[in-house]
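Enquirer: this is a predicted model, with the sequence first.
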Number of protein chains: 2
Amino acid sequence: MGRKAAIIGGGVIGGGWAARFLLNGWDVAVFDPDPEAERKIDAVLANARRSLPGLYERALPPEGKLSYHTELAAAVVGATWVQESVPERLDIKHKVLAQIMAAAPETAVLGSSTSGFKPSELNEKGARAVVAHPFNPVYLLPLIELVGDAAACEKAAQILREIGMYPLLVRKEIDAHIADRFLEAVWREALWLVKDGIATTEEIDQAIRMGFGLRWAQMGLFETYRIAGGEAGMRHFLAQFGPCLTWPWTKLMDVPDFTDELVDLIAGQSDAQSGHRSIRELERLRDDNLVGIMRALKRTGSGAGGVITAHEAMLPRRATGPDGLPVTVEMQVPTTFVDYNGHMNEAPYLEVSARASDRFMEMIGADAAYIAGGLSYFTAENHVRYFAEIDIGAQIMVTTQALGGDGRKLHLLNKIWAGGDTPAATVETLLLHVDLSTRRVMAPTGVVAERAAAFVSDHADHPKPDRLVLNQPRA
Amino acid sequence: MGRKAAIIGGGVIGGGWAARFLLNGWDVAVFDPDPEAERKIDAVLANARRSLPGLYERALPPEGKLSYHTELAAAVVGATWVQESVPERLDIKHKVLAQIMAAAPETAVLGSSTSGFKPSELNEKGARAVVAHPFNPVYLLPLIELVGDAAACEKAAQILREIGMYPLLVRKEIDAHIADRFLEAVWREALWLVKDGIATTEEIDQAIRMGFGLRWAQMGLFETYRIAGGEAGMRHFLAQFGPCLTWPWTKLMDVPDFTDELVDLIAGQSDAQSGHRSIRELERLRDDNLVGIMRALKRTGSGAGGVITAHEAMLPRRATGPDGLPVTVEMQVPTTFVDYNGHMNEAPYLEVSARASDRFMEMIGADAAYIAGGLSYFTAENHVRYFAEIDIGAQIMVTTQALGGDGRKLHLLNKIWAGGDTPAATVETLLLHVDLSTRRVMAPTGVVAERAAAFVSDHADHPKPDRLVLNQPRA
């Protein structure tokens, strides 16, 4: 595209803006008098390169050119977008905006990252800035609150969409825009709780991320409450919980009067927002999102994900399956496994099989400690055969047959059962034992070699499938 | 386990408790005078069965027995846990708790779902209830705020962990416990914004779920701000943003004095909570979680997921790959694809291949509209060969070769490239054309048949891999 963004102020926020533009193919010119700015922005960029492009199933454009400047004027020349992210003091903002006005193209969007100031305050000295307020990490979170001149905001919104952001046009200027008003309300309440010894910072974080934080990541406040109202929807919720607002739950109690007019306004807006979906549809969407989010958190052990893993470890394992072979996975097909054909997509079969192989590795002693010691198995080949459709919510089980385990190779058959006398799918898999430091294949020794061989021997008399394609003698 | 939970009050919250216990193997006895209670709880159970078990890679225990009772005493007899979820009026709570006390075993945990009342209020008439405050949907969200007698709470906490919940022991009783104080603060602020015409309910929801909601799902408030403080951490954040609290950002301004003592308290608690990880580690954990959450939301198109999909549609596609064949996927390996061996796990190769096949289907006209019309392709077999490791962050590309496309079968080779002259992996895949109404295999006709045949013809002269195992003539 060859467009240029000038980043004035290179802290965490300015660095995030730089990364967002750069990874979307823009040239980026940074002005920050801090001698550490380059190092700090490089760190933000390393994080952004690692994470942002992985959100897409297409390639982002090639990165633009990044340059650092010791003069503000040199940074802003020829820029299509100039973003000011200097400290949150109005006198500093005024000074920097004046310098930008003097040197930037008249056509440039002039955005301010201010959390609190209104455009009318920013522009008191004749600037033409709009508020373009981002959220950390700017390279991942899409929200930008846009406040100011309508035409300038519309132009800015178009560009923001092109770099993957979500411009929220704020109807009237107001101190702290929208989101920071909520953050400030919660922050204030949290300080009281800590000060009064009700909860520690960690307990407060748990109270958020184990509960309503999971809802807010996907639906926010009003749509969540619309569902909480049950079949009667938003109006019922308001009737039920409206009065709570006058209770002494928080330190501060200046509450809008709960008039019929306000109820109508909120219920009407909620209908316009979500009324095209029934409460049941909203519930299922919410639950599908919660399952997806919580399974994502399970990967890292964060928050609710850690709770699931701890609970899972308490659940008993079944020893053997319908074919008398060891059970290596038992689970219910999550909503996240289903595709446009209304059944379990082809890919999660391999995810399930990979878990079965992991479990089999544990059973022969190639467990987390063994891997931490520098030895592991890599998968060389998989052959997946799909015999029957598997529905969302189905109970599935995997049994694992050791077909061969001598030397460097481990040859397994993972059968996926979903009820019935025959497997719904089989995954024939060939693993190679490796040294993780050299990434080279090598034969296992000791317990792992012995146990693998013992399983192969134990399973030798079990029937084999009609067709094996891996690890076969060459014709 | 054979343990029994009595659910007193069967609304959305009582139904959620019933589902949570039942799906964890407990017998559940419900008392609710509402003649609609059974229908309402059945609806909650249907949602719960569809979602909760899918969080686990092990099977939950067999469901317990569910019974409905017209007498409270019959429901609570022999119960290990009695949960009160009646309307939020203290006189009603007192009456119901007295009935429970008269009939429940002395050893039973007596939990109240109250959002606002303190245990001392609940127990004014001699009951021994603890607050066990859940969050909707109770069958998915782990948080339970426990308040009350220490020994009773400890006993309750043990059981809650066994049914997959996260008990948060609240140190001192206080109106509305912890989380609802935040919810109430945000709710109050939101009402002002709607009333004053600053934002609609939908805009407020967007301001939450496109930004800080994504952070709160995983880390909460203080750990997020610890990162925002950058390398200097929590103390720096407090120094920078402490003063903002006295600004006129919200309607109400009773703020705790920002003394050195309060700063030390918060910074010290934050160190205890998160100090074992560097800011850089926390940033990467946050970003990995954000990528996981946002990719989960992308599946359903909710919130930030919809923004990514819209942006993705603007990105240009590359036409042909290093082998001159059509490019069907281009992406960067997301952090969520990586496993304990430090490289892309075996399963996401098939996820990538499935996307490539989807794209190839689009190219021959078997697109979303075609599928909505009742025809599609199902995958019958996959053969995955792994030739080279692929690292997190690697740019990958898939090219697709049509090996055969006559009649009912579509035989493709998806080559996964990660730089270099040869593929890092190949997926040989065999698809069958199906009628979605009968789920039977049938040959495509018209454009799809023609385009598939044309690709096969176009690709006939391209070299084929050394070894194909699917769709081969039987020996």
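Expert: Received, thanks. These figures come from a predicted structure and were not determined experimentally.
Enquirer: let me see the ranges of the strands in the stretch 51-200 of chain A.
Expert: Residue ranges of the strands in the stretch 51-200 of chain A, as given by DSSP state E, counting those that start in this stretch, are A:66-69, A:81-84, A:109-112, A:130-133, A:143-147, A:166-169.
Enquirer: right, I mislabeled it, should have said the stretch 251-400 of chain A
Expert: A:327-332, A:375-386, A:395-404.
Enquirer: where does pLDDT dip in the stretch 151-300 of chain A?
Expert: A:230-231, A:241-258 (pLDDT under 70).
Enquirer: please repeat the previous calculation with a cut-off of 90.
Expert: Residues of the stretch 151-300 of chain A meeting the criterion pLDDT under 90: A:175-176, A:184-197, A:218-284.
Enquirer: please, where are all the helices along it?
Expert: Under the criterion DSSP state H, counting those that start in this stretch, helices of the stretch 151-300 of chain A are mapped to A:179-195, A:201-207, A:213-216, A:222-228, A:233-241, A:260-274, A:279-300.
Enquirer: which of those helices is buried the deepest?
Expert: helix A:213-216 (a mean of 28; mean count of other CB atoms under 10 Å in any protein chain shown). Heads up, the C-betas are built off the backbone N, CA and C, glycines and all.
Enquirer: hmm, residue A:390 is touching residue A:420, no?
Expert: No - shown here, residue A:390 and residue A:420 do not form a contact pair, counting by CB atoms under 8 Å, at 10.9 Å.
Enquirer: more neighbours, these two?
Expert: Counted by other CB atoms under 10 Å in any protein chain shown, residue A:390 and residue A:420 do not tie: residue A:390 has more neighbours, with 24 against 10.
Enquirer: residues contacting the more buried one?
Expert: Neighbour list for residue A:390: A:333, A:343, A:344, A:396, A:416, A:418, A:424, A:425 [criterion: CB atoms under 8 Å, 6 or more residues apart in numbering or on different chains].
Enquirer: for the first one, which non-adjacent residue is closest in space?
Expert: Residue nearest to residue A:333 in three dimensions, not counting chain neighbours: residue A:394, with 4.8 Å by CB to CB, 6 or more residues apart in numbering or on different chains.
Enquirer: tell me the contacts of the one you found?
Expert: Residue A:394 makes contact with A:332, A:333, A:344, A:418, A:419 under the criterion CB under 8 Å, 6+ apart.
Enquirer: is it correct that residue A:439 is in contact with residue B:389?
Expert: Yes - contact status for residue A:439 versus residue B:389: in contact at 6.9 Å, counting by CB under 8 Å.
Enquirer: for those two, indicate the residue with more neighbours.
Expert: residue B:389 (16 against 13).
Enquirer: name the nearest residue to residue A:296, sequence neighbours excluded.
Expert: Residue A:296 sits nearest to residue B:292 (CB to CB, 6+ apart), 3.0 Å away.
Enquirer: hang on, the one you found packs against residue A:301?
Expert: No - Residue B:292 is not in contact with residue A:301 according to CB under 8 Å; the separation is 11.7 Å.
Enquirer: give the other helices and strands that the one helix or strand residue A:45 maps to contacts.
Expert: Using DSSP states H and E, residue A:45 falls within helix A:37-51. On a contact count with 3 or more CB pairs under 8 Å, 6 or more residues apart in numbering or on different chains; DSSP states H and E, helix A:37-51 meets helix A:12-22, strand A:27-31, strand A:66-69, helix B:279-300.
Enquirer: residues of the third one that come out buried?
Expert: Meaning strand A:66-69. Neighbour counts over strand A:66-69 (16 or more other CB atoms under 10 Å in any protein chain shown) mark A:66, A:68, A:69 as buried.
Enquirer: what does the second one give?
Expert: Judged by neighbour count using 16+ other CB under 10 Å, the buried positions of strand A:27-31 are A:27, A:28, A:29, A:30, A:31.
Enquirer: returning to what we had before: make a markdown table from the helices and strands packed on helix A:37-51 and add distance to residue A:210 to it.
Expert: Converted to a markdown table, the helices and strands packed on helix A:37-51 look like this (distance: least, CB to CB, whole Å):
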| stretch | distance to residue A:210 |
| --- | --- |
| helix A:12-22 | 27 |
| strand A:27-31 | 39 |
| strand A:66-69 | 40 |
| helix B:279-300 | 14 |
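Enquirer: tally of neighbours for residue A:442?
Expert: Residue A:442 has 13 nearby residues by other CB under 10 Å.
Enquirer: how far off centre is stretch A:441-457?
Expert: A distance of 39 Å separates the centroid of the chain from that of stretch A:441-457, by CA atoms, centre = their mean, to the nearest Å.
Enquirer: hang on, residue A:25 packs against residue A:61?
Expert: Yes - Residue A:25 is within contact range of residue A:61, at 3.3 Å (criterion: CB under 8 Å).
Enquirer: so the two - more neighbours on which side?
Expert: Between residue A:25 and residue A:61, counting by other CB under 10 Å, residue A:25 is the more crowded of the two (17 against 12).
Enquirer: so what's the more buried one up against?
Expert: A:1, A:60, A:61, A:62, A:63, A:64.
Enquirer: what about the second one, how many residues nearby?
Expert: By the criterion of other CB under 10 Å, residue A:60 has 22 neighbours.
Enquirer: again, but for residue A:438
Expert: Residues lying near residue A:438 (other CB under 10 Å) number 9.
Enquirer: same question, residue A:367
Expert: Number of residues near residue A:367 (other CB under 10 Å) recorded here: 15.
Enquirer: pretty sure it contacts residue A:358?
Expert: No - the pair residue A:367 / residue A:358 is not scored as a contact, 9.1 Å apart, by CB under 8 Å.
Enquirer: how is chain A divided into domains?
Expert: Split into domains by automatic domain parsing, chain A comes to A:4-177, A:180-284, A:317-459.
Enquirer: report how far apart the opening and closing residues of the shortest one are.
Expert: The first and final residues of domain A:180-284 sit 30 Å from each other (CA to CA, to the nearest Å).
Enquirer: hmm, stretch A:113-122 in reach of chain B?
Expert: Yes - contact between stretch A:113-122 and chain B is present through A:115, A:116 (criterion: CB under 8 Å from any CB of the partner chain).
Enquirer: go ahead and name everything in contact with that stretch.
Expert: For stretch A:113-122, the external contacting residues (CB under 8 Å, 6+ apart) are A:9, A:13-14, A:17, A:83-85, A:88, A:90, A:93-94, A:97, A:112, A:129-134, A:147-149, A:173-177, A:180, B:244, B:247, B:249.
Enquirer: same question, stretch A:46-54
Expert: Outside stretch A:46-54, the residues touching it (CB under 8 Å, 6+ apart) are A:16, A:19-20, A:23, A:59-60, A:137, A:139-140, B:283-284, B:287-288, B:290-291, B:295, B:331-337, B:392-393, B:395.
Enquirer: 10 Å - rerun?
Expert: A:15-16, A:18-20, A:22-24, A:41, A:59-60, A:63, A:137-140, A:164, B:280, B:283-284, B:286-288, B:290-292, B:294-295, B:331-337, B:392-393, B:395 (CB atoms under 10 Å, 6 or more residues apart in numbering or on different chains).
Enquirer: chain center to that stretch, what's the gap?
Expert: 12 Å.
Enquirer: what are the buried residues along it?
Expert: Applying 16+ other CB under 10 Å to stretch A:46-54 flags A:47, A:48, A:49, A:50, A:51, A:52, A:53, A:54 as buried.
Enquirer: how much space between the third one and residue A:63?
Expert: To tie it back to what came earlier, the one meant is residue A:49. Distance from residue A:49 to residue A:63, counting by CB to CB, to the nearest Å: 8 Å.
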